[in-house]
Structures are given as C-alpha cells and as structure tokens.
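1. next one to model:
(one chain, ligands or ions: 3)
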Amino acid sequence: MTLIKGAVPYGEGDPVDILIEDGLVAEIGTPEADGGDVIDARGLVVLPGFVDLHTHLREPGREDTETIETGSAAAALGGYTAVFAMANTDPVADNPVIVEHVWRRGREVGLVDVHPIGAVTVGLKGERLAELGAMARSDANVRIFSDDGLCVADPLIMRRALEYSKGLDVLIAQHAEEPRLTVGAQAHEGATAARLGLAGWPAAAEESIVARDCLLAGHVGARLHVCHVSTAGTADVLRWAKQRGTQVSAEVTPHHLLLDDDRLNTYDPVNKVNPPLRTSSDAMALREALADGVIDCVATDHAPHAPQDKDCEWSAARPGMLGLQTALSVVIQTMVRPGLLDWRGVAGVMSERPAEIAGLPDHGRPIAVGEPANLVLVDPKATWTVNAARLASLAGNTPYEGMELPGVIKATMLRGKLTARDGQAVR
Ligand SMILES: NC(=O)N[C@@H](CC(=O)O)C(=O)O
Ligand SMILES: [Zn+2]
Ligand SMILES: [Zn+2]
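-> Ligands and ions are numbered 1, 2, ... in the order given. Have a look, this model is predicted:
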C-alpha cells in the first residue's frame, strides 16, 4: 500500500491524496491510510506513466552501449512505464526467439514494460517479409513492426507488409527515408549543410515516402505509423492524409522539437541524428503540428552509441541521440512553457495517445479509482542540469549536456511499485 499525498492530477484543480493498493488506484480524495509507504507529493503534478513508441535498447548485440536493464532504468527515470524496443539489434529482432528474449528480459528487470518491435523484413534487408504472424503470436505478443534505422523502401514490400498487418491487427511503423535521395547524406539539405560542406539529406526524401505510404495505407485500408517526423512538409502531408480519412499516426522526437541545424557549426557528431536536425522553422511547425494533433505523440528515438562511434569525424559518426531521461523536460521547454500544451495535453502526447496507437490496454489510462497505478510525479517548478555521466544509460551521447532544463521527475510507479524515486531507479 502506498499513499501519494498532495499531488495535483494533470496539474488541474486542488491537490488530492491517492491511495495505491494491489497495483491499482484504490482511492482518490482524502483516504485514511494506515501504514504503508507515504510519498510527500505536495507541489507535484501527477500524470499517467509515459509510453515510448520508439526506443533503441541495443540488446542483443551492443550491450556495451545499452542493455535492457540500463535502458529500462533510463526509462523509469524519465517517467516511462512502457517502452517499445526497436528491432535493429544484432541479431535483428526478426523472429520469435529474439523478440521473446527482449520481452522476458524486460519482465525480469521489471522497471518498465518492454515491448519488442519486430522487423518488417528479414534482417532489415527490405527484400523479404519477416514472419510477422509468428512474432505476433509469440509470447512477446508483438504489436508493432518496423525496419527502423532503414526505410521499407520497396513500395511492393511496403504494400504487402501493410496488407499483412491489417490481417494480423498489428501496426507498421515506417522510418521514412527514400534511400536513393540520401546516399551519403550527412545533414539537412539546406544553407547550413552547404556552408559546412556536408552532403544533404533533403526534406523531400522523408516527405515523398510519407505521402506514398499514406496512399498505400489508404488503398489497402491498413493503419500506418510514421516515425520521427522531422519536416514542416511532412506535417502538411499528414494533415492532408488525415483529412481524407487515412488511418495514419505519427510521432515527433524531443530533439526535433528543440534543436535545429544551427548546432552543426561545431561539427560535433553529438548533433548527428537520422533524420537530421532540420531548420528552426521546421521545429516550429512540428510544435504546432503536435499541439493541434496532426502529429499524435512524442517518441524519444533514444539511440545510445559508444564513444568510438560518436567521438570521431562527422562523416564516420553514427547517427542517434539519447532521449529517455530528457524527453519530458524538452517537451515542457518546447510545448508547455510557450503555451502550446497544458499538462492534460502532455498526458495526451506522452502517455494516452501512444498507448492507444500501440493498443496497450493498461497504460495511458485515466487517473481514476480502479485503474492500474502507472503514474509519474513531476515537479513542474524545479529545473536540472543535464550531465551525461549521471544518466542511467551506458552511453553518453546526449545533445543537452550542460543545459538547464525545466521539470524534475520525482517518482515513477509501475502497477503500484515504485520504479524510480528522487533520481534513483528502484529495483
Ligand atoms: N535515429 C538515429 O539516428 N539512429 C537510430 C536509427 C533510427 O532511428 O533511424 C539508431 O539505431 O541509432
Ligand atoms: Zn529511424
Ligand atoms: Zn530509431
């Protein structure tokens, strides 16, 4: 039994006490609790635990950069109660053995619900469909499939994947990048890349695939999810597709909301990511699109990399940035502070909507009696300074190093059990 005292649900109205029993919200109001753990939550906002549709945990294969255990700790500390682990591991998660390993290991660690994403094609090669049905029916109960890291570029393979996904009632998540337009690409194709002498990654390489896939999904009557939307033009395509009734959902990363290609001047590869940081006007358009629902949710694309893969010349460095422990703070900075979202809106884009997209029945639920106690307590007034060495991830490639960011996560609870408290993961 745990009593959360004096928290404000969704930052709206008066503080309440919340009694947690048997993993559920047992009472809200002024419960008479005797014994158990009491959490002093005066001044804190309580939200439903966050759900990340896009995380890279690097296990199996690159346990030197992140493991399911360290990534789960980062997730709990970031306020997450469920994460979806991408399939671009080594070996690739394109079969029931790998997805069941990820699922079981996540359960063993117990800090966050780890849902493996299955590969769409064998070995992420884009040539032959993986056994989606076998992964969906496995103990891992795979619900999302993606070749993330790579685009399912062949339109016929993508069409078949969408058709199968409809039959299996699963979701295809596309990394939208027309590979013929991004050969050797290093940075957003525009004035900054031209000045720095970096080969360009044009916005149209993303937008053309998103448009194509929306048309394909509409044609076969399947759902489609678009990973890491990075351009204003993609938001326009999504707006158009949604208006004509296409079942498409989309995510934006915290880094595409906050950062832009102005940061590339130093050639520090910590800023190298795929899709690349775009222009500040793209970032502003993404904020608007997230606020008005054209983009459904925030997903971290947490992508740990080893020092030897990051601290080298720009063209040799791997793309990707850490994101789990900084996501909420970046969303506060870019969305809450400018008045684009209130706390209710944050619950929507970080918890409710991603849970709905993934079909998770027990996450993103209302804070109400009888609901699973998957909760996060946030100090909205406090700030913190990012220090890579103190993050739970094994890797240190955060672009926010040294930045002071708003919003401190005081506690995270998964089915009534504390998974993070005062900056420490609790196992
Ligand atoms: N985002 C990245 O820059 N990198 C991701 C792959 C991906 O999300 O496309 C990774 O696996 O490192
Ligand atoms: Zn990707
Ligand atoms: Zn990714």
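
2. tell me which parts of the chain are close to ligand 2?
-> The chain comes close to ligand 2 at residues 148, 175, as judged by CB under 5 Å from the ion. Heads up, the C-betas are built off the backbone N, CA and C, glycines and all.

3. ok, which stretches of the chain are helices?
-> Using DSSP state H, the helices of the chain run over 68-77, 96-109, 132-137, 155-168, 191-196, 203-220, 232-243, 254-258, 280-291, 307-310, 327-331, 343-347, 353-358.

4. kindly reformat the ones you listed as JSON lines containing distance to ligand 3, mean neighbour count and mean pLDDT.
-> Conversion of the helices of the chain to JSON lines gives the following (distance: least, CB to the ion, whole Å; neighbours: other CB atoms under 10 Å; pLDDT from 0 to 100):
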{"stretch": "helix 68-77", "distance to ligand 3": "13", "mean neighbour count": "28", "mean pLDDT": "99"}
{"stretch": "helix 96-109", "distance to ligand 3": "15", "mean neighbour count": "19", "mean pLDDT": "98"}
{"stretch": "helix 132-137", "distance to ligand 3": "18", "mean neighbour count": "19", "mean pLDDT": "98"}
{"stretch": "helix 155-168", "distance to ligand 3": "18", "mean neighbour count": "18", "mean pLDDT": "98"}
{"stretch": "helix 191-196", "distance to ligand 3": "21", "mean neighbour count": "14", "mean pLDDT": "98"}
{"stretch": "helix 203-220", "distance to ligand 3": "14", "mean neighbour count": "20", "mean pLDDT": "99"}
{"stretch": "helix 232-243", "distance to ligand 3": "16", "mean neighbour count": "20", "mean pLDDT": "98"}
{"stretch": "helix 254-258", "distance to ligand 3": "12", "mean neighbour count": "25", "mean pLDDT": "99"}
{"stretch": "helix 280-291", "distance to ligand 3": "17", "mean neighbour count": "19", "mean pLDDT": "99"}
{"stretch": "helix 307-310", "distance to ligand 3": "15", "mean neighbour count": "16", "mean pLDDT": "98"}
{"stretch": "helix 327-331", "distance to ligand 3": "14", "mean neighbour count": "26", "mean pLDDT": "99"}
{"stretch": "helix 343-347", "distance to ligand 3": "22", "mean neighbour count": "20", "mean pLDDT": "98"}
{"stretch": "helix 353-358", "distance to ligand 3": "15", "mean neighbour count": "23", "mean pLDDT": "99"}
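
5. turn these into a markdown table, columns for distance to ligand 1.
-> What follows is the helices of the chain, written out as a markdown table (distance: least, CB to the nearest ligand atom, whole Å):
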| stretch | distance to ligand 1 |
| --- | --- |
| helix 68-77 | 12 |
| helix 96-109 | 15 |
| helix 132-137 | 19 |
| helix 155-168 | 16 |
| helix 191-196 | 16 |
| helix 203-220 | 11 |
| helix 232-243 | 15 |
| helix 254-258 | 9 |
| helix 280-291 | 16 |
| helix 307-310 | 9 |
| helix 327-331 | 14 |
| helix 343-347 | 23 |
| helix 353-358 | 16 |
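
6. among the ones you listed, which is nearest residue 144?
-> Of all these, it is helix 353-358 that lies closest to residue 144, at 6.1 Å by CB to CB.

7. CA atoms only: put the closest one into PDB for me.
-> Taking Å, rounded to 0.1, in the frame of the first residue of the first chain, the C-alpha atoms of helix 353-358 are listed here in PDB:
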ATOM      1  CA  ARG A 353      -2.100   8.600 -27.400                       C
ATOM      2  CA  PRO A 354       1.000   6.400 -27.700                       C
ATOM      3  CA  ALA A 355      -0.800   3.700 -25.600                       C
ATOM      4  CA  GLU A 356      -3.800   3.900 -27.800                       C
ATOM      5  CA  ILE A 357      -1.700   3.700 -31.000                       C
ATOM      6  CA  ALA A 358       0.100   0.600 -29.700                       C
END
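
8. which elements pack onto it?
-> strand 50-55, strand 80-85, strand 248-252, strand 297-298 (3 or more CB pairs under 8 Å, 6 or more residues apart in numbering; DSSP states H and E).

9. who's in contact with that helix?
-> Residues outside helix 353-358 that contact it (CB atoms under 8 Å, 6 or more residues apart in numbering) are 50-53, 82, 84, 115, 143-144, 171, 225, 249, 251, 296-299, 363-365.

10. roughly how far out does that helix sit from the chain middle?
-> Taking CA atoms, centre = their mean, to the nearest Å, one finds helix 353-358 lying 11 Å from the centre of the chain it belongs to.

11. my read: residue 401 touches residue 385, true?
-> No - using CB atoms under 8 Å, residue 401 is not in contact with residue 385, being 9.2 Å away.

12. those two: which has the busier surroundings?
-> Under the criterion of other CB atoms under 10 Å, the comparison of residue 401 against residue 385 puts residue 401 first, with 16 against 11.

13. could you list which residues are in contact with the residue in the stretch 251-400 of the chain positioned nearest to ligand 2?
-> Nearest residue of the stretch 251-400 of the chain to ligand 2: residue 274, at 5.8 Å (CB to the ion). Residues near residue 274 by CB under 8 Å, 6+ apart: 149, 175, 177, 201, 319, 320.

14. the fourth one: what's its closest spatial neighbour, skipping adjacent residues?
-> Okay, so that is residue 201. For residue 201, ignoring the flanking residues on the chain, the nearest one in space by CB to CB, 6 or more residues apart in numbering is residue 185 at 3.6 Å.

15. tally of neighbours for the one you found?
-> Residue 185 has 21 nearby residues by other CB under 10 Å.

16. same question for residue 390.
-> Residue 390: 11 neighbours (other CB under 10 Å).

17. number the chain from 24, please
-> Understood, numbering begins at 24; the last thing we discussed is residue 413.

18. ok, so what distance separates it from residue 79?
-> 20 Å (CB to CB, to the nearest Å).

19. with residue 108 instead?
-> 7 Å.

20. with residue 154 instead?
-> Counting by CB to CB, the gap from residue 154 to residue 79 is 22 Å.

21. what about these two, which has more around it?
-> Per other CB under 10 Å, whichever of residue 154 and residue 79 has more neighbours is residue 79, with 27 against 15.

22. in this structure the more buried one contacts residue 111, no?
-> Yes - Residue 79 lies in contact with residue 111 (CB under 8 Å); the separation is 7.0 Å.

23. could you chop the chain up by domain?
-> 25-68+394-409+426-448, 72-381 (automatic domain parsing).

24. kind regards, and thank you for your time.
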